[in-house]
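Q: Structure of the sequence below:
(chains A and B)
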Amino acid sequence: MLTRIYIPRETTASSLGAELLVDAIVTEAKYRNLPIEIVRNGSRGACFLEPLVEIETTSGRVGYGPVQQEDIAELFDANFLSGGKHRLALGNVEELPWFKNQERLTFARCGLIAATSVDAYKSLGGFVGLHNALKKDGKAIVQEVLDSGLRGRGGAAFPTGIKWRTVMDAVDVQKYIVCNADEGDSGTFSDRMIMEGDPLSLVEGMTIAGIAVGATKGFVYLRSEYPLTQTILNEAIVNARAAGYLGDNIQGSGNSFDLEVRMGAGAYICGEETSLLESLEGKRGEIRFKPPLPALKGLFGKPTVVNNVISLATIPVILEKGGKHYANFGRGRSLGTMPFQLGGNIKHGGLVEKAFGLTLRQLIQDFGGGTASGKPIRAVQVGGPLGAYFPDALLDTVCDYEEFAKVGGMLGHGGVVVFDTSVNMAKMARFSMEFCANESCGKCTPCRIGSVRGMETIDKIVGAIDDNERNKQHIILKDLCETMESASLCAMGGLTPMPVMSAVKHFKGDFQ
Amino acid sequence: MMPVASPARLQEFTLELATNVVHECKDQPGALINALHKLQETFGYVDEAAMPMLAKLFNLSRAEVHGVTSFYHDFRRSKPGHYTIRVCQAEACQAMGSEALTTAIKQLLGCDFHETTADGNFTLEKVYCLGNCACSPNIMVDKQTYGRVTAESFRKLTATLASKAQSSKEGSK
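A: Modelled structure (predicted):
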C-alpha cells in the first residue's frame, strides 16, 4: 500500500535540513521496496518540531520530529510508515496541545496540504470565499469585511473594510491591489509562513479585493530575504491562473484580475506603505507625504488598496463563513484572530493563531514553554523593532490592540521576542536607535538625525562619570524621543522611541 | 548535516550581456529594481558601466539610477566572493547569542562585514531578520537559510562550502 509522507517545503524546515530528508527517505524507501508518496506541505507552525515529518495513517496524521537525516534508517526500522514507536514519535499531530489549543482561521490549511495545489486547496474550503464574492456586488463584499471587524494585521490596525470602501468609491480607469509582503520586523514570520504554506489563500484574498474595489491588477511586494517564498508563491500563481482563478474572466464571471510578485531589495523602510509604493515604481524607497492617501493616489498615482499579507489571506475565510462568524472571535475592538509568532529565546517557538484576549504570559508560557536557555525571562519585545520592551510585570497584559496601547506598547504584526536574564537593555535601546539610523529613508530630519543623536546620547548615558551627568543625558534622550515621536513623517522615526523609552522606563538599572 | 549548494555561476560583466539581461524589463512599468536584480543575479553585482544603459532604457537620468542603486542594501557595486554569507543582527537572533556568533564568524573568516575573504570564497554581509526567528540565530548563504547556527556548525559548513568553491574554481579553469 502506498504511504503518504508529508515533509514541509518551507524556510524553517529547510533551514534545519528538510531537503536532505526528502532524498534520504526516497532512497531508503526504494532500498526497502516500500511504495511511498511524498507531499510537500508548508509548516504547521510548530518551528520547534521542524523538520516535522508526518505519515498519513488510518488513525490520522502521525508526526515525527524534529527529524534529522541520520534518523531516517532508524525510523524505517521502527516501522514509522505505519506509525511505529520511536523516540521522535509525536502521535497524532492534531492532538498535540500546541495545535489543539489554537483557533486557526487564517492558518486553517497551512501545513495540511500540498502548498501550491489548487485541488488540495479546494478540498479544504479554498475558493469558496471567492465564489461567494462573485455572487455579490462590491458593496456587499466590502460590507462583509466591515462586519468582520478585520483590522490591518501589518501593524497599524486600520480597519480593512474602510480602506477598501475608500478605494471602491474612488473613480478611475485603473486601480491596484498591493500586498505588503515586506515582513521586515524581527520576530515575525507569519507572512512568510502563509505564503509558503497556503499561498493560494493570499491569491484568493487579493482576487476578492480586486473584485470588490474594481481593481484588475495586483502586486505582491516581497522582501528579497525570502527567496523560497518567491518560488512557492510564483508556483501558486501559475497554478491559480491555469485553473481559471486568475487572469481574464475569472470562473466565467466576467471579472479579470492578475498578479505579479516583485522583489524588494533589503530596505526595511519599504514595509511602510508609501515607501513600498515608491519602491514598486522603481524608485528610492522614500516616504511620501500623506495626504493624499494611497487609497486615492497610490501606485502610479492610482487608487490603491495596500494591505498586509495576513489581512489579505484572512479575506477568504471571511467571505467563506461570513464577516459575523469572524467577528465572533476576539474582544472589544480587536475582533477575529491574530497569528502570534513566538521567537528569540523561547523553548517552543513558532506560530500560534488565537483569538485576541489571551495574555502575553499565556502565549509565552503555555505555548512557548518559557525560555530556550531555561533562565528566567527578563524582557519581551512585542511588535517588531519598533515595539516596546515589556518586563515580567507586564506579561499579564491581554493581547488586544487597545490593552497594549494602554501600557505603552503595540501588538504590531504579532511578533513576540523573548529575552532571558543575560540581556542588557541599554544595549537593546542603543540597537533600536542604530537600526533606525541604518534603515531610515533619510527624508525627514527627526528620523535621520535623531536616530544618530540617540545612539550617541545612550552611549553618553552608559559612559557617564556620575549620576548628575547621567541624568542630564536622560533628559536629552527623553526630549529627543519626544521630537522623533511627534515630528517624524512615518512610523520608523515615530515609533523608534517606543522600544528606547520602554527600556529606560522598565530597565533603568541597565543604563549605568 | 546541512544542505550545501554549489556557488552561483556568475558571468563576467559585458555591456552587451547586461543589455540583453535587462531587455525584458523595458516594458514593465517601474521595473528598474527588477532590472538591478537581474544584473546582480547574472554578474553578482551592478557594474558602474551599466548605469548609462539603464538610464536610457528607463528614460531616467544617470543620477536617478545611481540614487536607486545606492538606496537599497542588496545591490553591490563590486564582485562578491563565491558565496555570500549574511548573518542576522536583529533582536530575535540577538536573544540567542548572535553577537557572539558574529564575532566568531568574523574571526573564522578573517574579515569584517562588507568584506570578502582573502581566498575569494566568502563575502560577509549583515542582514536584519531572515524570518526564522523561532530557530535563532540564523544565517543565509546565497539563497539558503540555516537555523540554530553555532560557531562549530558554521565552521563545518564553511569547510564544506570552501571545498565546493575550490572545485568550481578548478572546473572553470
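
Q: Could you use CA atoms for every contact and neighbour count after this?
A: Noted.

Q: Give the burial count for residue 94, as a bare number.
A: Unless you meant another one, I'm taking chain A. 14 (other Cα atoms under 10 Å in any protein chain shown).

Q: that's the other chain; I wanted chain B
A: Neighbour tally, B:Q94, other Cα under 10 Å: 23.

Q: What of A:M484?
A: Residues near A:M484, counting by other Cα under 10 Å: 28.

Q: quick check: domain ranges of chain A?
A: A:3-100, A:136-327, A:336-420, A:425-510 (automatic domain parsing).

Q: Let me have the ones you listed in CSV, adding distance to B:A118 and mean pLDDT as columns.
A: Formatted as CSV, the domains of chain A follow (distance: least, Cα to Cα, whole Å; pLDDT from 0 to 100):
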stretch, distance to B:A118, mean pLDDT
domain A:3-100, 27, 97
domain A:136-327, 26, 98
domain A:336-420, 33, 98
domain A:425-510, 27, 97
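
Q: Return the residues of the stretch 201-350 of chain A in contact with chain B.
A: With Cα under 8 Å from any Cα of the partner chain as the criterion, the stretch 201-350 of chain A meets chain B at residues A:225-228, A:262-267, A:279-285, A:342-346, A:348-350.

Q: doesn't A:L351 make contact with A:F107?
A: No - the criterion here is Cα atoms under 8 Å, and A:F107 misses it with A:L351 at 9.4 Å.

Q: hey, what's in contact with both of those two?
A: Common contacts of A:F107 and A:L351 (Cα atoms under 8 Å, 6 or more residues apart in numbering or on different chains): A:P339.

Q: Pick out whichever of those two has more residues nearby.
A: A:L351 (30 against 27).

Q: what number of residues lie near B:A18?
A: Neighbour count of B:A18, defined by other Cα under 10 Å: 23.

Q: Just name whatever secondary elements the host helix or strand of it is in contact with.
A: Following DSSP states H and E, one finds B:A18 within helix B:15-22. For helix B:15-22, the elements it packs on are helix B:32-43, judged by 3 or more Cα pairs under 8 Å, 6 or more residues apart in numbering or on different chains; DSSP states H and E.

Q: again, only this time at 6 Å
A: When contacts are defined as 3 or more Cα pairs under 6 Å, 6 or more residues apart in numbering or on different chains; DSSP states H and E, helix B:15-22 packs onto no helix or strand at all.

Q: hmm, who's touching that helix?
A: For helix B:15-22, contacts defined as Cα atoms under 6 Å, 6 or more residues apart in numbering or on different chains pick out B:A35.

Q: that older thread, among the residues of the stretch 201-350 of chain A next to chain B, which are in helices?
A: A:227-228, A:279-280 (DSSP state H).

Q: Determine which two of these are furthest apart.
A: Spatially, the most separated pair among those is A:L228 and A:S279, at 21.2 Å (Cα to Cα).

Q: Specify which residue of those two has the higher count of neighbours.
A: Per other Cα under 10 Å, whichever of A:L228 and A:S279 has more neighbours is A:S279, with 30 against 20.

Q: Nearest residue to the more buried one in space, ignoring adjacent ones along the chain?
A: Closest residue to A:S279 apart from its sequence neighbours, by Cα to Cα, 6 or more residues apart in numbering or on different chains: A:G285 at 4.9 Å.

Q: show me what contacts residue 158?
A: Went with chain A since none was named. Applying Cα under 6 Å, 6+ apart, the residues near A:F158 are A:151-152.

Q: Distance-wise, check it relative to chain B.
A: Here the criterion is Cα to the nearest Cα, to the nearest Å. By it, A:F158 lies 24 Å from chain B.

Q: and if you look at A:R61?
A: A:R61 is 24 Å from chain B, by Cα to the nearest Cα.

Q: Can I get the helix or strand where that residue lies in CSV? Just the C-alpha atoms.
A: Secondary structure from DSSP H and E places A:R61 in strand A:60-64. Only the C-alpha atoms of strand A:60-64 are listed here, as CSV (Å, rounded to 0.1, in the frame of the first residue of the first chain):
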residue,chain,number,x,y,z
GLY,A,60,-4.9,10.3,11.3
ARG,A,61,-1.6,12.0,10.6
VAL,A,62,1.2,10.8,12.9
GLY,A,63,4.2,13.0,13.4
TYR,A,64,7.9,12.5,13.9
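
Q: sorry, back to before: would you mark the buried spots in the helix holding B:A18?
A: B:18-19, B:21-22 (16 or more other Cα atoms under 10 Å in any protein chain shown).

Q: Adding pLDDT, write those residues out as JSON lines.
A: Putting those into JSON lines (pLDDT from 0 to 100) gives the following:
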{"residue": "B:A18", "pLDDT": "98"}
{"residue": "B:T19", "pLDDT": "97"}
{"residue": "B:V21", "pLDDT": "96"}
{"residue": "B:V22", "pLDDT": "96"}
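
Q: How about the helix of greatest length in chain B, which residues are buried there?
A: Using DSSP H, we find that the single longest helix of chain B is helix B:151-171. Residues of helix B:151-171 classed as buried: B:154-155, B:157-158, B:161-162, B:164-166, B:168 (neighbour count, 16+ other Cα under 10 Å).

Q: and A:K290, how far is that from A:C179?
A: To A:C179, A:K290 is 19 Å away according to Cα to Cα, to the nearest Å.

Q: Neighbour count: these two, which is higher?
A: Just comparing A:K290 and A:C179: by other Cα under 10 Å the higher neighbour count belongs to A:C179, 27 against 11.

Q: Who are the contact partners of the nearest residue to the more buried one once chain neighbours are set aside?
A: Excluding its sequence neighbours, the residue lying closest to A:C179 (Cα to Cα, 6+ apart) is A:V220, at 4.6 Å. Contacts for A:V220 (Cα under 6 Å, 6+ apart) come out as A:178-179, A:261.

Q: which among these gets closest to A:G336?
A: Taking those together and measuring to A:G336 by Cα to Cα, the closest member is A:C179, at 20.2 Å.

Q: okay, who's weakest in the buried residues of helix B:151-171 by pLDDT?
A: Scanning the buried residues of helix B:151-171 for pLDDT, the low point is B:S168. It has 83.

Q: so how far is B:L108 from that residue?
A: Taking Cα to Cα, one finds B:S168 at 22 Å from B:L108.

Q: quick one, domains of chain B?
A: Split by automatic domain parsing, chain B gives B:15-71, B:83-171.

Q: if you compare these, which one is most tucked away?
A: Mean neighbour count, computed with mean count of other Cα atoms under 10 Å in any protein chain shown, is highest for domain B:83-171 among the domains of chain B, reaching a mean of 21.
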